[in-house]
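Colleague: sequence and predicted structure are below.
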Amino acid sequence: MLMDTRHILAGAWSGVIGGGAFGAMMGMMGMLPMVAMLVGSESVFVGVFVHGIISAITGAAFGLVFGHLALNKTWGIALGLLYGFIWWFLGPLIIMPVWLGMGLQLSAAGMSAAIPSLWGHLVWGFILGLVFSLTATRPQSEINNSSNV
C-alpha cells in the first residue's frame with residue numbers, strides 16, 4: 001500500500017462536507033464558541049473556521065489511513081462511523097477539555113454530557129465515509145494490477 005495523495009485530498013474534502021453537517025448541529029447546540037476557545041476566541045465565525053480546519057485535517061488522515069479500504073460504500077460508511085466514534089473519544093473527551101484546562105472527561109458523567117457530541121461525530125463519520133467512497137479513486141497501480149490478472 002503506497003500513500004496516495006488522491007485519498008488524502010478526497011478525505012480532506014469529505015471531512016469538510018461532513019464537518020458542515022456536524023458544524024450545523026454544533027451551531028444549534030451553541031457549541032461553536034467553545035470550539036473557537038481552542039484558539040483564544042469565542043466567536044461563532046471563528047468556531048466554524050476552526051471546526052472546518054479540524055474536519056479537513058481529520059478527514060485527510062482518514063484518507064491516508066483507511067483510504068484503500070473505504071473505496072466502496074459499505075466499507076466507507078462502516079469505517080467512517082468507527083472513525084467518528086474514535087474522534088468522539090479523542091476530541092471532546094480528551095484533547096479539547098485538556099486543551100481548555102478542564103481535564104479529561106472520561107468519567108461516566110463526562111461521557112454522558114458528551115452524548116450530543118457523539119451523535120454529531122457519528123453523523124460526521126457517516127458523511128465522511130459515504131462521500132469518500134463516492135469520490136475517491138483507486139490508485140493507478142491498483143487499476144493496472146487488476147487489469148493484468
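Modeller: Great, that's in hand. These figures come from a predicted structure and were not determined experimentally.

Colleague: next one: stretch 112-130 to chain centre, how far?
Modeller: Relative to its parent chain, stretch 112-130 has a centroid offset of 9 Å by C-alpha atoms, centre = their mean, to the nearest Å.

Colleague: helices of the protein, residue ranges please.
Modeller: Here the chain has its helices, by DSSP state H, at 5-29, 32-36, 44-66, 73-90, 96-99, 108-113, 115-135, 140-147.

Colleague: next, the buried residues of the second one.
Modeller: Across helix 32-36, burial judged by 16 or more other C-beta atoms under 10 Å covers L32, M34, V35, A36. C-beta here means a position set from N, CA and C on the backbone, and glycine is covered the same way.

Colleague: what is the nearest of those residues to L128?
Modeller: V35 (17.7 Å; C-beta to C-beta).

Colleague: pull the contacting residues for that closest one.
Modeller: Applying C-beta atoms under 8 Å, 6 or more residues apart in numbering to V35 gives the contacts M26, G47, V50, H51, I54, M96.

Colleague: let's see 10 Å
Modeller: Contacts for V35 (C-beta atoms under 10 Å, 6 or more residues apart in numbering) come out as 23, 26, 41-42, 44, 46-52, 54, 91-92, 96.
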